[in-house]
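**Student:** Generate coordinates for the sequence data below:
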Amino acid sequence: RVQDIVVMKSSQVGCTEATVNFIGYVMEHAPSPMMLLMPTLESRDAWKAQKLNPLLTDTPAIKQLLGGMRSRDAANRQDMIDFPGGVLFLAGGNSPNSYAQRSVRYIVMDDLDRFPPEVGAEGDPVRLAEGRTKAFARAKRILISTPTVADESLIEREYKRSDQRRYYVPCPHCNEYQPLEWGGPETPHGIKWSKVDGNIIAAWYVCRACSGEIHDHHKPAMLAAGRWIAENPGVQKRGYHLTALMAPVGLGPSWLDLAREWQDAIRSPGTLRTFINTHLGEPWVEQGDQVEATGLIARAEEYPEEGLNDVRLARTAFVDVQKDRLECTIVAWGAQEECWAEEHLIVPGDTARPEVWATFAEEIAHWSPEAVGIDSGYNTSMVYAFCEKRRWAMATKGVAGPGRPLVEDERARRQRLRRQRRKGITVHMVGVDQGKALVYSRLKIEQAGPGYIHFPRDPAFDDEYFAQLTAEKLVTKIRGTRPYQEWVQTRA
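**Tutor:** Modelled structure (predicted):
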């Protein structure tokens, strides 16, 4: 028995009309309590006026069901419509009150990716909506949306948890069933086009099996013979992916229209994202600047048996403070900032207890570094206590933001330290984004020399170390129409 249906789609493919028809069917043939949730009350009001009211006032079966006067009253009511045997609640998904004290058999969440990821202090909107249907054994929940950003999109998350159905159509030349995919100029199959004087004048689809050319006039027969195929079979939740490539002739953009829009869209990340979301019905994958861990592991080397004294000019270390451990990487520095990672220490234990710090003091003393930075963002008082007794230990605090310099300018730094010293605290501010950018740029240097980072072939520098070292990437995101850069995690 199917209870959950997920539709991840491009825009303007008829899902709203299907939703209205579903509501009409329930009202006439299967009357029960049901709820439609839109992202906000404003979007709910606009949807009702434009999409639902014609069903209530102009559809003969529903008009007769409600009666003429009740039909007009229903059209004027914004939040609830009574009908024989049931009720339709219309609500905004951004308010906790929308989910409270309402029990329904059917629930539809439209435009899901515009819902907030958390509804007040109540939690995930999808889980809250599911809770409204628990009283009904044969409930049905329908989630509909155009996706937004990969790994942030609610509809993408729910689609991945479904059986992931895609519509397979037969090639008119070889009869190979396949989903219609964009492909693009770099892929052998998919949409292709020809140009004259830089303008696209024709577009067609290339079969992935026989490379035959498929044109728009083939679509009616292909779509009629198509079938939904689950790519994640065995999952009870139904998921459907709809793309504008499947639009019937005359009821959506042609392949030529899409090719021309693609040509315009690739000029900026913002317009390209809109094309990917609204025409292909796919989440936008943020393009990122990232270093691969495997490449760093492969370049680990054996250090000289006599050590690094011939090249080492200074030795520093930095400590990350977690609840259950201290992690510290020790680095030797040579000429022109070429450096050698020498050791990675992990001191386990509750970092709120002094014995953990005593153990760390013993470990680090063996290396005699000239300077050690310690992140004071966690267990701050313990960091301060450790640094107060050791001139070579410095409490640091990371400051995020692309405009923050790695190190403060000297004048601002002196003023701040003067104020802190009066309080007995000295904390050195570090521009986190600039620091990450600098480290990543150094990791990309492939030849030993200025700025190059060496790693030893040592058990302390294992796969997990490099996975953590490369666990973020710099991505370009869009706010409104303006691009900006942000560091994001690439692993849980």
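**Student:** burial count for Arg238?
**Tutor:** Neighbour count of Arg238, defined by other C-beta atoms under 10 Å: 18. Backbone N, C-alpha and C define where each C-beta goes, glycine included.
**Student:** List the residues that contact it.
**Tutor:** The contact partners of Arg238, taken as C-beta atoms under 8 Å, 6 or more residues apart in numbering, are Val2, Asp4, Ile5, Val6, Ser162, Asp163, Arg165.
**Student:** Which of those has the largest number of neighbours?
**Tutor:** When the contacts of Arg238 are compared by neighbour count (other C-beta under 10 Å), Val6 ends up highest, at 30 neighbours.
**Student:** My read is that that residue contacts Pro147, right?
**Tutor:** No - the pair Val6 / Pro147 is not scored as a contact, 11.0 Å apart, by C-beta atoms under 8 Å.
**Student:** Now for those two: what residues contact both?
**Tutor:** Listed as contacting both Val6 and Pro147 by C-beta under 8 Å, 6+ apart are Ile155, Tyr159.
**Student:** Check the secondary structure at Gly295 for me.
**Tutor:** helix (DSSP: H, G, I helix; E, B strand; the rest coil).
**Student:** Need the pLDDT of it.
**Tutor:** Looking at Gly295, its pLDDT reads 87.
**Student:** Might you report the residue contacts of it?
**Tutor:** Gly295 neighbours (C-beta under 8 Å, 6+ apart): none.
**Student:** again, only this time at 10 Å
**Tutor:** By C-beta atoms under 10 Å, 6 or more residues apart in numbering, the contact set of Gly295 is Leu443, Lys444, Glu446, Phe466, Thr470.
**Student:** now these: which count as buried?
**Tutor:** Among these, those scoring as buried are Leu443, Phe466, Thr470 (criterion: 16 or more other C-beta atoms under 10 Å).
**Student:** Phi first, then psi, for the first one.
**Tutor:** Main-chain dihedrals, Leu443, degrees, to the nearest 10: phi -60, psi -20.
**Student:** And it, how far from Arg267?
**Tutor:** 31 Å (C-beta to C-beta, to the nearest Å).
**Student:** For the helix or strand hosting Ala395, which helices and strands make contact with it?
**Tutor:** Assigned by DSSP states H and E, Ala395 falls within strand 393-399. Where contact means 3 or more C-beta pairs under 10 Å, 6 or more residues apart in numbering; DSSP states H and E, strand 393-399 is packed against strand 314-321, strand 371-375, helix 380-388, strand 427-431, helix 432-443.
**Student:** and the gap between the closest residue to Tyr177 other than its chain neighbours and Leu180?
**Tutor:** Leaving aside its sequence neighbours, Tyr177 sits nearest to Tyr168 (C-beta to C-beta, 6 or more residues apart in numbering; 4.2 Å). Using C-beta to C-beta, Tyr168 is found at 9 Å from Leu180.
**Student:** How about Val356?
**Tutor:** 59 Å.
**Student:** Quick check: phi and psi at Ala471.
**Tutor:** Torsion angles, degrees, to the nearest 10, at Ala471: phi -80, psi 0.
**Student:** Find me the pLDDT at it, would you?
**Tutor:** 87.
**Student:** Check what contacts stretch 186-194 and list those residues.
**Tutor:** The set of residues external to stretch 186-194 that reach it, using C-beta under 10 Å, 6+ apart, is 178, 180-185, 200-211, 213-214, 245, 255-256, 258-260, 262-263.
**Student:** For that stretch, list every residue counted as buried.
**Tutor:** His189, Gly190, Ile191, Lys192, Trp193.
**Student:** Look at the last one and tell me its secondary structure.
**Tutor:** Reducing the assignment at Trp193 to three states with three-state DSSP gives strand.
**Student:** could you measure it against Ala365, distance?
**Tutor:** Trp193 is 68 Å from Ala365, by C-beta to C-beta.
**Student:** Next up, the contacts around the residue lying closest to Tyr106 once chain neighbours are set aside.
**Tutor:** Distances taken as C-beta to C-beta, 6+ apart put Met34 closest to Tyr106, at 3.8 Å, once the chain neighbours are dropped. Contact analysis of Met34 by C-beta under 10 Å, 6+ apart lists 22-23, 26-27, 81, 83, 86-90, 104-108, 133, 139-140.
**Student:** can you tell me which of those are in strands?
**Tutor:** Among these, the members falling in strands are Ile81, Phe83, Gly86, Val87, Leu88, Phe89, Leu90, Tyr106, Ile107, Val108, Lys140 (criterion: DSSP state E).
**Student:** Pick out the most distant pair among those residues.
**Tutor:** Ile81 and Lys140 (18.5 Å; C-beta to C-beta).
**Student:** where do the helices sit along the stretch 151-300 of the chain?
**Tutor:** Listed in chain order, the helices found in the stretch 151-300 of the chain under DSSP state H, counting those that start in this stretch are 154-160, 219-225, 255-265, 269-278, 293-298.
**Student:** now these in TSV, with distance to Ser376?
**Tutor:** Below are the helices of the stretch 151-300 of the chain laid out as TSV (distance: least, C-beta to C-beta, whole Å):
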stretch	distance to Ser376
helix 154-160	35
helix 219-225	62
helix 255-265	46
helix 269-278	37
helix 293-298	28
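**Student:** Could I get the buried ones among the contacts of Gly295 in CSV, plus columns for distance to Val249?
**Tutor:** Shown next, in CSV, are the buried ones among the contacts of Gly295 (distance: C-beta to C-beta, whole Å):
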residue, distance to Val249
Leu443, 52
Phe466, 53
Thr470, 48
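**Student:** Tell me the one among those nearest to Pro220.
**Tutor:** For these, the nearest to Pro220 is Thr470 (49.5 Å; C-beta to C-beta).
**Student:** and Met80, how many neighbours?
**Tutor:** That count, for Met80 with other C-beta under 10 Å as the rule, works out to 13.
**Student:** The spatially closest residue to it that is not a sequence neighbour pairs with what?
**Tutor:** Once flanking residues are discounted, Met80 sits nearest to Phe89: 5.6 Å by C-beta to C-beta, 6+ apart. With DSSP bridges as the criterion, Phe89 is bridged to Met35, Met80.
**Student:** and Asp257, what is it in contact with?
**Tutor:** Counting by C-beta under 10 Å, 6+ apart, Asp257 touches Ile200, Ala203, Asp216, Ala244, Ala247, His279.
**Student:** wait, isn't the fifth one in contact with Val13?
**Tutor:** Yes - using C-beta atoms under 10 Å, Ala247 makes contact with Val13 at a distance of 6.6 Å.
**Student:** Need the overlap of contacts for these two.
**Tutor:** By C-beta under 10 Å, 6+ apart, the residues touching both Ala247 and Val13 are His279.
**Student:** centre of the chain versus stretch 178-192, how much separation?
**Tutor:** 24 Å (C-alpha atoms, centre = their mean, to the nearest Å).
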